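S.K.: requesting a structural model of the entry that follows:
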Amino acid sequence: MTYLHKSRYNTDMSIYDNIFKYIAGECPYDFAVLALNTSDLEVTGKLNTEHITVKMHRSDMVYHVRLPDEEAILHIEAQTDDSTYKPMHLRMLAYSSVLALEYEKNVYSTVLYFRPPAGKNDPGFYQYGNEDRGGGVFRYNVIRIYELEGEAFLDPDALGVIPLTGLMNPPPGMSRKDWTANCIETIRAVDVDEKMRGTLLFAFSLFGSFVNPTELFKHPSLEAIMQKSPFYDHVIQQGRIDEKRTAVLKVVRHRFADDFSDTVLNEISGIDDLVHLDDLFDQVLTAKSFDDIDFSKNGK
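M.R.: Next up, the predicted model:
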């Protein structure tokens, strides 16, 4: 077995954002249907938010959509866990306000929560002010993926949502193991190229491991398919970096316990170049004193 599952939980969280953003970009209609709870719509274009004054989070997806009675803006925020930067209701209000100002259209916002118990305390609205001074109420949709009934979303024609079915609840009487196997077979049968199939399975494995034992995804045949995904090598490389960094830390602690400090820990933790970590590992094994070790990013 490769580093894929060994590194699952200490993988840079950006991989979840990036793979979700990629799938959403390939299948925007599927996520628009999920967010707005209607199939009677058309996604007419993706918005570039780089120039917008309020900084948009990297996993934000913003689209022009055409509904039966209006053209509007759809904003989807994907959250692995609860927001720690700012309260989610304030972030959603800021995004919606600046988009409405920029495009002068109604903005419909949805936040998707992946890993339980994220979003449990998100009410989906923000109210401020009073009758005398003014104020208002801002509402947005909250979807906790892990609370959805998966059978309704295991649709080969809705490719974008299929990778998230491993997070959802199985049908009554079906074990998570059988449900996972059922989802995998559905993904293996969809009519897409090898790159996309590998990405769908890889995303299913990554997100599914939030609520399932990683053993459910440890199949050599699946690994071979997932290797076709452009995201696979990134996680494998990250796993190697994580393991080498851990090895360096262990040796430094063992050989130079008196010199080990939070500063040293932070320096080593900040190194994400495998060649440098390999060199550093050799240094900490052979150095005669702690001062002989070069922790700088350039290395020796």
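S.K.: what are the contacting residues of the longest strand seen in the chain?
M.R.: Assignment by DSSP state E gives strand 70-79 as the longest strand of the chain. The contact list for strand 70-79 (CB atoms under 8 Å, 6 or more residues apart in numbering) reads 17, 20-21, 24, 31-32, 35-36, 43-44, 47, 57, 59-65, 88, 91-92, 95-96, 99-100, 103, 105-114, 118-119. C-beta: built from backbone N, CA, C; applies to glycine.
S.K.: in PyMOL, select just the buried ones from the residues you listed.
M.R.: Selection of buried members from the contacts of strand 70-79 for PyMOL, criterion 16 or more other CB atoms under 10 Å:
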select buried, resi 17+20+21+24+31+32+35+36+43+47+59+60+61+62+63+64+65+88+91+92+95+96+99+103+107+108+109+110+111+112+113+114+118+119
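S.K.: which of the contacts of strand 70-79 fall in strands?
M.R.: Filtering the contacts of strand 70-79 for strands - DSSP E - leaves 43-44, 61-65, 107-113.
S.K.: lowest-confidence entry in the residues you listed?
M.R.: Within the set of the ones in strands among the contacts of strand 70-79, pLDDT is lowest for Met61 (90).
S.K.: and the longest strand of the chain with strand 107-113, angle?
M.R.: Computed by axes from the mean of the first three to the mean of the last three CA atoms, to 10 degrees, the angle separating strand 70-79 from strand 107-113 equals 20 degrees.
S.K.: in strand 70-79, what counts as buried?
M.R.: Applying 16+ other CB under 10 Å to strand 70-79 flags Ala72, Ile73, Leu74, His75, Ile76, Glu77, Ala78, Gln79 as buried.
S.K.: state the pair within the ones in strands among the contacts of strand 70-79 that is farthest apart.
M.R.: Using CB to CB, the ones in strands among the contacts of strand 70-79 span at most 27.1 Å, a distance reached by Thr44 and Tyr113.
S.K.: mind giving me the packing neighbours of the helix or strand Gln237 falls within?
M.R.: Assigned by DSSP states H and E, Gln237 belongs to helix 232-255. When contacts are defined as 3 or more CB pairs under 8 Å, 6 or more residues apart in numbering; DSSP states H and E, helix 232-255 sits against helix 3-6, helix 14-26, helix 194-208, helix 262-269, helix 274-286.
S.K.: let's see it at 10 Å
M.R.: Counting contacts by 3 or more CB pairs under 10 Å, 6 or more residues apart in numbering; DSSP states H and E, helix 232-255 packs against helix 3-6, helix 14-26, helix 194-208, helix 220-226, helix 262-269, helix 274-286.
S.K.: quick check: the gap between the residue lying closest to Val111 once chain neighbours are set aside and Ala24.
M.R.: Excluding the flanking residues, the one nearest Val111 by CB to CB, 6 or more residues apart in numbering is Glu77, at 4.5 Å. Applying CB to CB, to the nearest Å, the value for Glu77 to Ala24 is 11 Å.
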